[in-house]
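A.B. asks: Predicted model and sequence follow; I will ask about them next.
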Amino acid sequence: QVQLVESGGGLVQAGGSLRLSCAASIQTFKWYGMAWFRQAPGKEREFVAVITSSGGSTRYADSVKGRFTISRDNAKNTVYLQMNSLKPDDTAVYYCAARLSGSIWDMSPRDYQYWGPGIQVTVSS
């Protein structure tokens, strides 16, 4: 059974930074592509960033490009999302997602088999 648990969310002022972590209970974590999505109230879940199983390739939504960085540590079964220069529009519940293998073109929620419960990020103006 695959379990994902996010941490590191909270309240931050505009212009500030947060680092989200997602711990995965997957023995073969290094075989899984990982992604971050977010969902704001009244909106659909949207793609934020994806990283391949090796960590060699990444892709970002245009809205976060240059501000957010996705990374992973396969020895710790953890994926990260460093968020800088945060804006009020970044306020949402952030979700970690996993799928076996995968590519940087997996940007739809339907592409992912496993999901964390989500964590709130609130950016005040």
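C.D. replies: Sure thing, it's come through.

A.B. asks: List the neighbouring strands of the host helix or strand of residue 79 plus their orientation.
C.D. replies: Residue 79 is part of strand 78-83 when elements are defined by DSSP states H and E. Using DSSP bridges, strand 78-83 pairs in its sheet with strand 18-24 (antiparallel), strand 68-73 (antiparallel).

A.B. asks: for that strand, what is the average pLDDT?
C.D. replies: Confidence over strand 78-83 (mean pLDDT, whole number) is 98.

A.B. asks: Give the other helices and strands that the helix or strand that that strand is followed by contacts.
C.D. replies: Later in the chain than strand 78-83, the nearest helix or strand by DSSP H and E is strand 92-100. If you count contacts as 3 or more CB pairs under 8 Å, 6 or more residues apart in numbering; DSSP states H and E, strand 92-100 packs onto strand 4-7, strand 18-24, strand 32-39, strand 114-115, strand 119-124. In this view, the C-beta of every residue, glycine as well, is placed from N, C-alpha and C.

A.B. asks: picking up where we left off before, and among the strands paired with strand 78-83, the most buried is which?
C.D. replies: strand 18-24 (a mean of 20; mean count of other CB atoms under 10 Å).

A.B. asks: what angle separates it from strand 92-100?
C.D. replies: Calculated by axes from the mean of the first three to the mean of the last three CA atoms, to 10 degrees, strand 18-24 forms an angle of 40 degrees with strand 92-100.

A.B. asks: So what angle separates the directions of strand 18-24 and strand 119-124?
C.D. replies: 170 degrees.

A.B. asks: and the residue most central in space within the chain, what are its bridge partners?
C.D. replies: Centroid-nearest residue in the chain, with CA atoms, centre = their mean: residue 36, separated by 2.2 Å. When bridges are called by DSSP bridges, residue 36 pairs up with residue 49, residue 96.

A.B. asks: and it, what does it touch?
C.D. replies: 20, 22, 48-50, 70, 79, 81, 94-97 (CB atoms under 8 Å, 6 or more residues apart in numbering).

A.B. asks: Ranking by neighbours, what's the top pick from the residues you listed?
C.D. replies: Most neighbours among these, by other CB atoms under 10 Å: residue 79, with 30 neighbours.
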